[in-house]
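> please find the sequence and the predicted model below.
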Amino acid sequence: MSSSSHDHPLPPPRVEEVSDGVYVYLQPDGSWWINNTGFLAGRRGVICVDSCSTERRTRALREAIGKVTDRPITTLINTHHHGDHTFGNWLFPEATIVGHQGVRDQIIADGIPTYRAAWSPEVEWGKLEVAPPFLTFTDQITMYSDDLRCEVRHVGHAAHTTNDSYVWIPERRLLFAGDLVFNGGTPFVLMGSVTGALQALDQLRLLDAATVVPGHGEVCGPEEYDRVEGYLRFVRRTAERGHAAGLSPLDAARETDLGEWGGLLDSERIVGNLHRAYAELDGKPPGAPIDLVTAVLDMITYNGGEPLSCLA
């Protein structure tokens, strides 16, 4: 079992203008630790949505922004606490870092996580410093790029994590979904909730977005919600069968044919997702702490005992 199929070098990141003055910074191939970011280039300054996982990748993001505009980066929004979206925060010293209060709390609690060692080949993380948001909110915050309104809304419950937010630009029907949406990669809810992730998709549908920027993968439309939902419901059904049969999450994954979902990047996430689904079947609240170490080790076991693939 291979965690990801990489038979050629990854293409370089690229910038796409998805609406007037609104850009996506796409990082192929969107597998472990390789995320998307974005930025709004206004007359007075730049609002950036998420940073990257390594020093090198975040410096490349800043360089790409500088090729589009010479305006200063005034604001950095974090959609959630995961390191692929926040490890590079420290490289934005001039910016106000904005995020849900839970993002700040979790980044401070985690520090520089040691679980990075679960991935190989050895990642060139570069210098890492803890830099949590210092302007926080609990429900939503509104900011403007010139006159363009941007609403940063907390989902309100555990989904991908316990602290997910999305950036909604209603005038453009444009959504930065963070990791509530994966395109081409396996959705991941180990630190969140299967049920909550499904509810989050219903919330996104109400926005009636025309353009969706996923946390990983190519820009898409709202039809991608259905594919993410299909996978999450597959996880739930697999968990119900395995739990009823007395199988561990790892054994349930081993006995399950991934079918149409087997072609998604990082397919070993099925094991972590089953750990979360089992916790919910056992009555734990969405997002409640579970044994993450065992879940990650089980993903490695499912992957033939090999560390998980990361080309960041």
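Arrived safely.
> and after the helix or strand of the chain with the lowest mean pLDDT, which helix or strand comes next?
In the chain, no helix or strand scores lower on mean pLDDT, DSSP states H and E than strand 119-120, which sits at a mean of 90. Of the helices and strands lying after strand 119-120 in sequence (DSSP states H and E), the nearest is strand 135-137.
> residues contacting that following strand, please?
The contact list for strand 135-137 (C-beta atoms under 8 Å, 6 or more residues apart in numbering) reads 96-101, 103-104, 141, 152, 154. In short, each C-beta sits where N, CA and C put it, glycine included.
> strands paired with the top strand by length along the chain, and their directions?
Looking across the chain with DSSP state E, the single longest strand is strand 174-182. Strand 174-182 pairs in its sheet with strand 165-169 (antiparallel), strand 211-216 (parallel), by DSSP bridges.
> measure the closest residue in space to L247 that isn't next to it in sequence to L148 for me?
Among residues not flanking L247 along the chain, E255 sits closest, at 6.9 Å (C-beta to C-beta, 6 or more residues apart in numbering). Distance, E255 to L148, by C-beta to C-beta, to the nearest Å: 50 Å.
> of the two, who's got more company?
L148 (19 against 12; other C-beta atoms under 10 Å).
> what bridges to the more buried one?
L148 has these beta-bridge partners by DSSP bridges: S145.
> looks like T79 contacts V49 (just checking).
Yes: contact criterion C-beta atoms under 8 Å: T79 and V49 qualify, at 6.8 Å.
> intersection of neighbour lists for these two?
Shared contacts of T79 and V49, defined by C-beta under 8 Å, 6+ apart, comprise 167, 176.
> any idea where the helices of the stretch 151-300 of the chain begin and end?
Counting by DSSP state H, counting those that start in this stretch, one finds helices in the stretch 151-300 of the chain at the ranges 194-205, 224-244, 249-254, 269-281, 292-302.
> to V213, which of those helices lies closest?
Comparison of the helices of the stretch 151-300 of the chain against V213 by C-beta to C-beta identifies helix 224-244 as nearest, at 10.6 Å.
> which strands and helices lie in contact with that closest one?
Judged by 3 or more C-beta pairs under 8 Å, 6 or more residues apart in numbering; DSSP states H and E, helix 224-244 is in contact with strand 174-182, helix 194-205, strand 211-216, helix 249-254, helix 269-281.
> pull out the buried positions in it.
For helix 224-244, the neighbour count (16 or more other C-beta atoms under 10 Å) marks 224-225, 227-229, 231-232, 234-236, 238-239, 242-243 as buried.
> again with stretch 165-180
165-169, 172, 174-180.
> and it, end to end?
Stretch 165-180 has an end-to-end distance of 9 Å (criterion: C-alpha to C-alpha, to the nearest Å).
> okay, now the residue nearest to V68 when sequence neighbours are not counted: neighbour count?
The shortest distance from V68 to any residue other than its chain neighbours is 5.6 Å, reached at A41 (C-beta to C-beta, 6+ apart). The local packing of A41 (other C-beta under 10 Å) involves 21 other residues.
> swap in H82?
The tally of other residues near H82 (other C-beta under 10 Å) stands at 27.
> ok, G263 next?
The number of residues near G263, taken as other C-beta under 10 Å, comes to 11.
> any idea how far S165 is from it?
From G263 over to S165 the distance is 30 Å, taken as C-beta to C-beta.
> kindly report the same for D251.
For D251, the distance to S165 equals 35 Å [C-beta to C-beta].
> what does A159 give?
Taken as C-beta to C-beta, the span from A159 to S165 is 10 Å.
> flag the shaky bits of the stretch 51-200 of the chain, pLDDT-wise.
Applying pLDDT under 70 to the stretch 51-200 of the chain picks out no residues at all.
> recalculate using a threshold of 90.
114-115, 120-122 (pLDDT under 90).
> look up the closest residue to the residue most central in space within the chain, ignoring the ones flanking it.
By C-alpha atoms, centre = their mean, the chain has its centre lying nearest to D179, at 3.1 Å. Leaving aside its sequence neighbours, D179 sits nearest to G215 (C-beta to C-beta, 6+ apart; 3.6 Å).
> the one you found touches N35, doesn't it?
Yes: with contact defined as C-beta under 8 Å, G215 reaches N35; the gap is 5.7 Å.
> from the contacts of strand 135-137, which land in strands?
Per DSSP E, the subset of the contacts of strand 135-137 in strands is 96-100, 141, 152, 154.
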